[in-house]
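return a 3D structure for these sequence lines:
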Amino acid sequence: MEFEGNIHVPAPRNVVFTEMQKPEMIQKIIPNCKSVEQKDGDKYIAIIHEKISKISMEIETELELTEIREPDLVKL
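Residues are numbered from 1 along each chain as shown. Next up, the predicted model:
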């Protein structure tokens, strides 16, 4: 699954930078995400619920913050 795009948040950069590394905030920005738990440092485990026609499934996937430039950028 790939996501692209930018999100503009009207808040101070340092606040957004800190918040975007919290599992509960990561969960909010991923479509159909049921949960996110921090695994180790910059790695997280997410449960994503997907439904296609009559088939629904929950997918467990590993997420990683791949680029961090405080306070300007957090790339997932």
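
quick one: low-confidence parts of the protein?
1, 3 (pLDDT under 70).

and if we set it to 90?
Counting by pLDDT under 90, the chain shows low-confidence ranges at 1-9, 20, 29, 72-76.

what about the helices in it?
Secondary structure of the chain (DSSP state H): helices at 13-19, 23-29.

and the first one, how far out from the chain's middle?
If you compare the mean C-alpha spot of helix 13-19 with that of the full chain, they lie 14 Å apart, counting by Cα atoms, centre = their mean, to the nearest Å.

cool, stretch 61-71 as well?
On Cα atoms, centre = their mean, the centre of stretch 61-71 falls 9 Å from the chain's centre.

how long is that stretch end to end?
Stretch 61-71 stretches 27 Å from its first residue to its last (Cα to Cα, to the nearest Å).

hmm, who's touching it?
Identification of contacts with stretch 61-71 by Cβ atoms under 8 Å, 6 or more residues apart in numbering yields 1, 13-14, 16-17, 21, 26, 36, 39, 42-46, 48, 73-76. Just so you know, the C-beta spots here come from the backbone N, C-alpha and C atoms, and that holds for glycine as well.

thanks a lot, see you next time.
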